[in-house]
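Enquirer: Please work out how this folds:
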Amino acid sequence: MTAEDDRSSVRAAFRQIFPGVMVAMFLAAADQTILASALPTIASHLGGFEYVSWVVVAYLLAATIAAPLYGHLGDRFGRKRMLMVALGVFTLASALCAAAPTLPTLIAARAVQGLGGGGLMTLAQALIGEHVPPRDRGRFQGYFAAVFALASTSGPILGAYLTEHISWRSVFAINLPLGLVAAYLARRVPGVRAPREGVYRPDIVGTLLFCFSTLGLLVSLSSAGHGLPFGSWTLYALIALVIAGYVALYRWERRLAHPIIPVHLLRRSDILRPDIVVMCFAATLFASVLYLPLYLQVGRGLGIGTSGTLLLPITLSMVTGATVTGRLVSRTGKVTIFPIVGLSLATAALIATGVTISFASTPWVLGLTSLTGIALGMVMPAMQVAVQQAAGREALGAAIGSMSLSRSVGGAIGVAIAGAIIFVSIGHADPAMYAVLEHVMGAGPEYLAQLSTTQRASIGAQLDQTFRLVFFGIAVITGIGAIVATTVPKPTF
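Expert: Predicted structure coming up:
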């Protein structure tokens, strides 16, 4: 086959496969962040402001659990078939979210929605690995990373627009027609017959251990120093239970032939290390996307719609970085250099943001965060190719499931850590600032306009100091990711 025939084959695969999985992945990624601008409105309508963050956490936790499960089910029963199942769960749960009468009902429906959303991303990437030759996957994964970045960072913008002009319920209702479109396009993806060897037995014990251990981890991270003060026996007991839960999970999973967590794969450095890099990437992305609008609203006095729109530079820069990186991986065959450079550059940009935040202009802050976006865009395409090539066709779904798990856990951990830094910093400096923060999130920047110049200056100084610590904390995470990236084995094609 000539080089021109190869290119034609890749283009044909792109037209047939990519549209069928792109919409599904966009839905799942956008729903992780689309509520960033709508949460205050939801709290004002349904009550329970102190618990409203669990509307986001419930989705992330459920998606984290679902990711490896769908990867395993896709390996055994067919990835296209399981993608249709995940779309059905996601769309039905979206309707339940839109109709939720109370906050607990909404949180429960969001958890069900996450059970579908986690499968969408895992199976979409696995289908690319199933149909595209290894050398050409970099280009496809670059497109995927661009879709993921676009969805994650445009989610708050779309959520703000729908909430402001229609209703917060429309944030969920919009998934109904999009889910039908995704299902129609997914039907065009060629199916591959999956092996049906033996009887499938779901790993119920492993799923429960993973669920409760991860839930305990998120609660301890988000509540440390705030809901659970440092030094309290309750916090120490929770941490001990989390550790015991993960130890029990490891011992249980290594005994099974088909565990929910692919322990046999995570023992391999060419799988585990890329997963750690992806975890650091996701922690940085989600913390930035969810808390940068809050800083722009509270610290800079911008409106909800404006702060959401100002995420566009990050979106465009991540799309550019991901697309270019995917093409370079396919063209050069080099993989590991891109996350090393990207995470190192992101670390430097985040440190510069923290150093200059108290006196820098808003365009300067956005410029540095856009540089961070370009750098983060260099991570996912390369790491996806590395993991897919290391796993091989037989364990492709499980390996990609482990990466989706790492992304979901990393995102949840990043949000929890950034939130803990904010609340601990504000609480230690001035406990009354909690009330100010709550009023601003609920009433918007108009609340700041009612305060005196001295009060606004004091609030601004405290918030600058708080978000300086947030950016420094995120920089530590990306720095760890850059160090781990230098140890990732180079894949061979």
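Enquirer: rest of the way, CA atoms for contacts and neighbours
Expert: Noted.
Enquirer: Quick one: residues contacting the closest residue to residue 250 other than its chain neighbours.
Expert: Spatially, and ignoring its direct neighbours in sequence, residue 250 is nearest to residue 263 (7.3 Å; CA to CA, 6 or more residues apart in numbering). When contacts are counted by CA atoms under 8 Å, 6 or more residues apart in numbering, residue 263 is found next to 250, 253, 254.
Enquirer: just the buried members of the residues you listed?
Expert: 250, 253 (16 or more other CA atoms under 10 Å).
Enquirer: Using TSV, lay out the contacts of residue 263 together with secondary structure and pLDDT.
Expert: Output for the contacts of residue 263, formatted as TSV (DSSP: H, G, I helix; E, B strand; the rest coil; pLDDT from 0 to 100):
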residue	secondary structure	pLDDT
250	helix	85
253	helix	81
254	coil	80
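Enquirer: Just name the closest of the contacts of residue 263 to residue 277, please.
Expert: Residue 277 lies nearest to residue 250 out of the contacts of residue 263, by CA to CA, at 20.8 Å.
Enquirer: and that closest one, how far is that from residue 260?
Expert: 11 Å (CA to CA, to the nearest Å).
Enquirer: One more: residue 269?
Expert: On the measure of CA to CA, residue 269 and residue 260 end up 19 Å apart.
Enquirer: between the two, who's got more neighbours?
Expert: A direct count of neighbours by other CA atoms under 10 Å for residue 269 and residue 260 places residue 260 higher, at 28 against 14.
Enquirer: For residue 488, which three-state class applies?
Expert: coil (DSSP: H, G, I helix; E, B strand; the rest coil).
Enquirer: which element is the closest residue to it other than its chain neighbours on?
Expert: Excluding its sequence neighbours, the residue lying closest to residue 488 (CA to CA, 6+ apart) is residue 273, at 5.8 Å. In this structure, residue 273 sits in helix 269-298 according to DSSP states H and E.
Enquirer: And that helix, what does it pack against?
Expert: helix 137-165, helix 263-266, helix 304-309, helix 380-391, helix 396-429, helix 433-443, helix 453-485 (3 or more CA pairs under 8 Å, 6 or more residues apart in numbering; DSSP states H and E).
Enquirer: Of all the residues in it, which ones are buried?
Expert: Buried residues in helix 269-298 (16+ other CA under 10 Å): 270-298.
Enquirer: now do stretch 159-174
Expert: For stretch 159-174, a neighbour-count test (16+ other CA under 10 Å) marks 159-163, 167-174 as buried.
Enquirer: Let's have those residues in JSON lines, adding pLDDT and distance to residue 475.
Expert: Listed next are the buried residues of stretch 159-174 as JSON lines, based on pLDDT from 0 to 100; distance: CA to CA, whole Å:
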{"residue": "159", "pLDDT": "81", "distance to residue 475": "27"}
{"residue": "160", "pLDDT": "77", "distance to residue 475": "28"}
{"residue": "161", "pLDDT": "79", "distance to residue 475": "31"}
{"residue": "162", "pLDDT": "83", "distance to residue 475": "33"}
{"residue": "163", "pLDDT": "79", "distance to residue 475": "32"}
{"residue": "167", "pLDDT": "83", "distance to residue 475": "36"}
{"residue": "168", "pLDDT": "83", "distance to residue 475": "33"}
{"residue": "169", "pLDDT": "89", "distance to residue 475": "35"}
{"residue": "170", "pLDDT": "87", "distance to residue 475": "35"}
{"residue": "171", "pLDDT": "88", "distance to residue 475": "32"}
{"residue": "172", "pLDDT": "89", "distance to residue 475": "33"}
{"residue": "173", "pLDDT": "89", "distance to residue 475": "36"}
{"residue": "174", "pLDDT": "88", "distance to residue 475": "35"}
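Enquirer: Need the mean per-residue confidence for the host helix or strand of residue 351.
Expert: Element membership for residue 351 (DSSP H and E) is helix 337-356. Across helix 337-356, the average pLDDT comes to 89.
Enquirer: Then stretch 462-480?
Expert: 87.
Enquirer: What of stretch 55-69?
Expert: The model assigns stretch 55-69 a mean pLDDT of 78.
Enquirer: What lies in contact with that stretch?
Expert: 32-33, 35, 106-108, 110-119, 121-122, 207, 210-211, 214-215, 260-262, 398, 400-402, 404-406, 408-409, 411-412.
Enquirer: and it, how far out from the chain's middle?
Expert: 10 Å (CA atoms, centre = their mean, to the nearest Å).
Enquirer: and what of stretch 481-493?
Expert: 21 Å.
Enquirer: List the buried residues of that stretch.
Expert: Quick answer for stretch 481-493 (16+ other CA under 10 Å): 481, 482, 484, 485, 486, 488, 489, 491.
Enquirer: Any regions of the stretch 101-250 of the chain where pLDDT drops low?
Expert: Low-confidence segments of the stretch 101-250 of the chain (pLDDT under 70): 128-146, 149, 152-153, 190-202, 222-231.
Enquirer: Show me where it has its helices.
Expert: Assigned by DSSP state H, counting those that start in this stretch, the stretch 101-250 of the chain shows helices spanning 103-131, 137-165, 170-173, 175-186, 204-223, 233-253.
Enquirer: can you give me the angle the first one makes with helix 380-391?
Expert: Direction vectors for helix 103-131 and helix 380-391, defined by axes from the mean of the first three to the mean of the last three CA atoms, to 10 degrees, enclose an angle of 60 degrees.
Enquirer: buried sites along helix 103-131?
Expert: Buried residues in helix 103-131, counted by 16+ other CA under 10 Å: 103-104, 106-131.
Enquirer: Nearest to the middle of the protein, which residue? Look it up for me.
Expert: residue 411 (4.5 Å; CA atoms, centre = their mean).
Enquirer: gap between the nearest residue to that residue once chain neighbours are set aside and residue 415?
Expert: Excluding the flanking residues, the one nearest residue 411 by CA to CA, 6+ apart is residue 283, at 4.3 Å. Distance of residue 283 to residue 415, given as CA to CA: 7 Å.
Enquirer: Let's see the pLDDT reported for the closest residue to residue 271 other than its chain neighbours.
Expert: Once flanking residues are discounted, residue 271 sits nearest to residue 387: 5.7 Å by CA to CA, 6+ apart. What the model reports as pLDDT for residue 387 is 79.
Enquirer: got a list of what residue 387 touches?
Expert: 270, 271, 274, 399, 400.
Enquirer: mind running it again at 10 Å?
Expert: 270, 271, 272, 273, 274, 275, 396, 399, 400, 402, 403, 491 (CA atoms under 10 Å, 6 or more residues apart in numbering).
Enquirer: ok, the third one touching residue 402?
Expert: I take that to be residue 272. Yes. Using CA atoms under 10 Å, residue 272 is in contact with residue 402, at 8.7 Å.
Enquirer: what's the overlap in contacts for the two?
Expert: With CA under 10 Å, 6+ apart as the test, residue 272 and residue 402 both reach 263, 265, 266, 387.
Enquirer: Now the third one: closest residue in space, sequence neighbours ignored.
Expert: Nearest non-adjacent residue to residue 266, counting by CA to CA, 6+ apart: residue 272, 4.8 Å away.
Enquirer: picking up where we left off before, roughly how far does the residue nearest to residue 271 sit from residue 328?
Expert: Residue 387 sits 17 Å away from residue 328, going by CA to CA.
Enquirer: same question, residue 38
Expert: In terms of CA to CA, residue 38 sits 38 Å off from residue 328.
Enquirer: higher neighbour count, these two?
Expert: Neighbours per residue (other CA under 10 Å) separate residue 38 from residue 328, with residue 38 holding more: 24 against 19.
Enquirer: Model confidence for residue 427, exactly?
Expert: The model's pLDDT for residue 427 equals 61.
Enquirer: And for residue 433?
Expert: 62.
Enquirer: same check, this time on residue 455
Expert: So residue 455 comes in at 67 (pLDDT).
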